[in-house]
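[1] Give me coordinates for this.
(one chain, ligands or ions: 2)
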Amino acid sequence: MKALVKFAPGVGNVQLMDVPEPEYGDSEIRVKIAYAGLCGTDLHVYNDTFRNYPPVILGHELSGVVEAVGSNVKQYAPGDRVAILGSNKIICGHCKYCKTGYYMFCSTRRGMGHGTNGGFTKYVVAREDMLFKIPDAMSLKEAAISEAFASSVQAVEEVAHLVAGDTVLITGPGPIGLMCLLLTAAKGVRTYVAGTSSDAERLRIAESLGAVCVDVQREDLAARIMGDTCGRGVDVVFECSGNPAAITLAISLVRPMGQFVQMGLGATKVEMNVEQLVHKRICLCGSVGHSMNTWEIMMRIFRSGKIDLKPIITHEMPLSKWEEAFELMRQQKALKIILYYDFE
Ligand SMILES: [Zn+2]
Ligand SMILES: [Zn+2]
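    Ligands and ions are numbered 1, 2, ... in the order given. Modelled structure (predicted):
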C-alpha cells in the first residue's frame with residue numbers, strides 16, 4: 001500500500017512510499033481508512049518542530065471501516081464504521097494518568113502519526129479501546145475530525161464551567177476555535193470570535209455558525225466586549241490563537257471570577273498583569289488533547305445529533321495531492337482538510 005511517510009529526521013523528508021500492509025494481532029483490529037484529517041501537528045512533524053520517530057506514517061485524525069478482527073476481539077466486526085483514537089497507541093498502561101484515562105500525560109506515550117504509524121495510508125491497526133462506533137446518521141467525513149473535535153469538547157465541556165446566559169470570547173478562528181464555537185452555540189451561550197483581516201473567510205464561517213465576529217484590525221475588541229457587557233467582561237475565554245498580544249488582551253477581558261482557558265500553542269513568553277488575577281480572582285488554565293472521559297462525552301454529543309461538524313471541513317482531497325493540501329494548510333487557506341486514499 002502507499003503511505004505518506006516521514007522517512008528521516010530533519011525538515012521535510014516526507015514522501016509517498018510503498019509500505020507493507022500492517023499485520024494485526026489476536027487482540028487487534030485492522031481498519032480501512034475512510035478519511036484522514038490534516039492537522040497543524042502534521043505540518044510540525046514535516047518541519048521537525050514536533051517530536052517524531054521516523055520512519056513513521058503521518059496522520060492521526062482518522063475514520064474508517066473495520067476490515068478484519070483478531071480472534072480475541074469481542075466488540076467489533078468487519079463493516080463497523082468507526083472514529084479512531086490514535087493518541088494512546090503506545091502508553092505504559094499503569095501510571096496514574098493511564099489508569100484514569102488521561103493518557104495525554106503518560107510519560108511514555110506515543111501517538112499515531114508521529115510516534116507510531118498513522119493513517120495517511122490504506123490501513124491502520126488498533127486496539128478495541130481505540131475505536132468508537134459512530135452513529136448511522138454520522139458521515140465518515142465528520143468522524144475523521146473527531147480527534148480534533150475532542151480537544152474542543154474537553155475545553156468546553158470539562159475544563160470550562162459554563163452556564164446558560166454566559167458570554168464567551170474565542171480568540172483565533174481556526175478549526176479548534178470554531179469547534180469550540182459549535183459547542184458554545186449549541187448551549188445558547190453568546191459567543192464572540194476574534195480574528196484578523198486575514199481570517200475574513202473563517203470569520204464568515206463563524207458568523208454563519210452563530211458567533212458575533214470581531215476583526216481586531218478594524219474594530220477595538222476591548223471596547224466592543226466591555227461595551228456589550230456593561231464593563232464587566234466575558235465569563236470565559238478560549239484562547240485558540242497562541243498569539244502573545246491576543247493572550248494579554250484576552251486575559252484583561254475576563255470578568256471578575258471568570259475563567260481563561262489557553263488552548264493555542266506558540267506563545268512561550270507573554271506579558272501580563274499578574275495582579276489582575278488576584279484582584280479579579282481569575283482562573284487561568286490550559287487544555288490540551290482529551291481523555292477517555294472526553295471521548296465518552298463526545299460520542300454522546302454525536303448520538304444527540306445536535307452538532308454538525310460539516311461546516312468545519314472546507315476541503316476534501318486525494319492523498320496523492322498531499323503536497324497541495326499541506327500548502328493550503330500552511331497558508332491558512334483551509335479550515336479542515338480531509339484526505340482520502342486514491343491508490344489501488
Ligand atoms: Zn491533530
Ligand atoms: Zn502511563
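
[2] Now residue 35, what are its backbone angles?
    Phi and psi for residue 35, reported as degrees, to the nearest 10, are phi -140, psi 150.

[3] where's it relative to ligand 2, distance?
    Remark: distance between residue 35 and ligand 2 (C-beta to the ion, to the nearest Å) = 29 Å. Quick note: C-beta positions are derived from backbone N, CA and C, even for glycine.

[4] Same question for residue 259.
    Taking C-beta to the ion, one finds residue 259 at 28 Å from ligand 2.

[5] Tell me the residues of this protein that contact ligand 2?
    91-92, 95, 98, 106 (C-beta under 5 Å from the ion).

[6] Find the nearest non-adjacent residue to the most centrally placed residue in the chain, please.
    Most central in the chain under C-alpha atoms, centre = their mean is residue 148, positioned 2.2 Å from the mean C-alpha point. When the adjacent residues along the chain are set aside, residue 148 lies closest to residue 61, with 5.4 Å between them (C-beta to C-beta, 6 or more residues apart in numbering).

[7] what residues are up against residue 77?
    66, 69 (C-beta atoms under 8 Å, 6 or more residues apart in numbering).

[8] Go ahead and report the secondary structure state at it.
    Put simply, residue 77 is coil when judged by DSSP: H, G, I helix; E, B strand; the rest coil.

[9] one step back: my read is that the residue nearest to the centre of the chain contacts residue 176, right?
    Yes: if you go by C-beta atoms under 8 Å, residue 148 and residue 176 touch, sitting 6.7 Å apart.

[10] burial of whichever residue of the stretch 151-300 of the chain sits closest to ligand 1, as a residue count?
    Closest to ligand 1 within the stretch 151-300 of the chain is residue 151: 7.6 Å, counting by C-beta to the ion. By the criterion of other C-beta atoms under 10 Å, residue 151 has 21 neighbours.

[11] Would you indicate which residues of stretch 129-137 are buried?
    Neighbour-count burial for stretch 129-137, with 16 or more other C-beta atoms under 10 Å as criterion, is recorded at 130-134.

[12] same question, stretch 332-344
    For stretch 332-344, by 16+ other C-beta under 10 Å, it's 334-341.

[13] sorry, back to before: the residue of the stretch 151-300 of the chain closest to ligand 1 - that's part of a helix, no?
    Yes: assessed with three-state DSSP, residue 151 lies in a helix.

[14] Now do it, the pLDDT please.
    pLDDT for residue 151: 98.

[15] Identify the residue nearest residue 177 in space, chain neighbours excluded?
    Residue 177 sits nearest to residue 240 (C-beta to C-beta, 6+ apart), 3.7 Å away.

[16] List the contacts of the residue of the chain found nearest ligand 1.
    Going by C-beta to the ion, ligand 1 is nearest to residue 39 of the chain, at 3.0 Å. The neighbourhood of residue 39, defined by C-beta under 8 Å, 6+ apart, consists of 60-61, 148.

[17] before we move on, the earlier item: dump the residues of the chain next to ligand 2 to a markdown table, plus secondary structure.
    Output for the residues of the chain next to ligand 2, formatted as a markdown table (three-state DSSP):
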| residue | secondary structure |
| --- | --- |
| 91 | coil |
| 92 | coil |
| 95 | coil |
| 98 | helix |
| 106 | coil |
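
[18] Dump the residues you listed to TSV, plus distance to residue 25.
    Listed next are those as TSV, based on distance: C-beta to C-beta, whole Å:
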residue	distance to residue 25
91	17
92	19
95	23
98	20
106	21
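
[19] so which pair among those residues is furthest apart in space?
    91 and 95 (8.2 Å; C-beta to C-beta).

[20] neighbour-wise, which of the two wins?
    residue 91 (19 against 16).

[21] That one contacts residue 102, doesn't it?
    No: using C-beta under 8 Å, residue 91 makes no contact with residue 102, being 10.2 Å away.

[22] if we can go back for a sec, okay, and which of the buried residues of stretch 129-137 map to strands?
    Among those, the members found in strands (DSSP state E) are 131-133.

[23] Contacts only, for residue 319.
    Contacts of residue 319 by C-beta under 8 Å, 6+ apart are 2, 4, 16, 36, 120-121, 339-343.

[24] Take those and keep only those in strands.
    In this view, these that belong to strands under DSSP E are 2, 4, 16, 36, 339-340.

[25] what comes up buried for stretch 211-224?
    The neighbour-count check on stretch 211-224 (16+ other C-beta under 10 Å) flags 211-214, 216, 221, 224 as buried.

[26] just to revisit the earlier point, the residue of the stretch 151-300 of the chain closest to ligand 1 and residue 245: what is the separation?
    As judged by C-beta to C-beta, to the nearest Å, residue 151 and residue 245 stand 23 Å apart.

[27] ok, now residue 310?
    Taking C-beta to C-beta, one finds residue 310 at 33 Å from residue 245.
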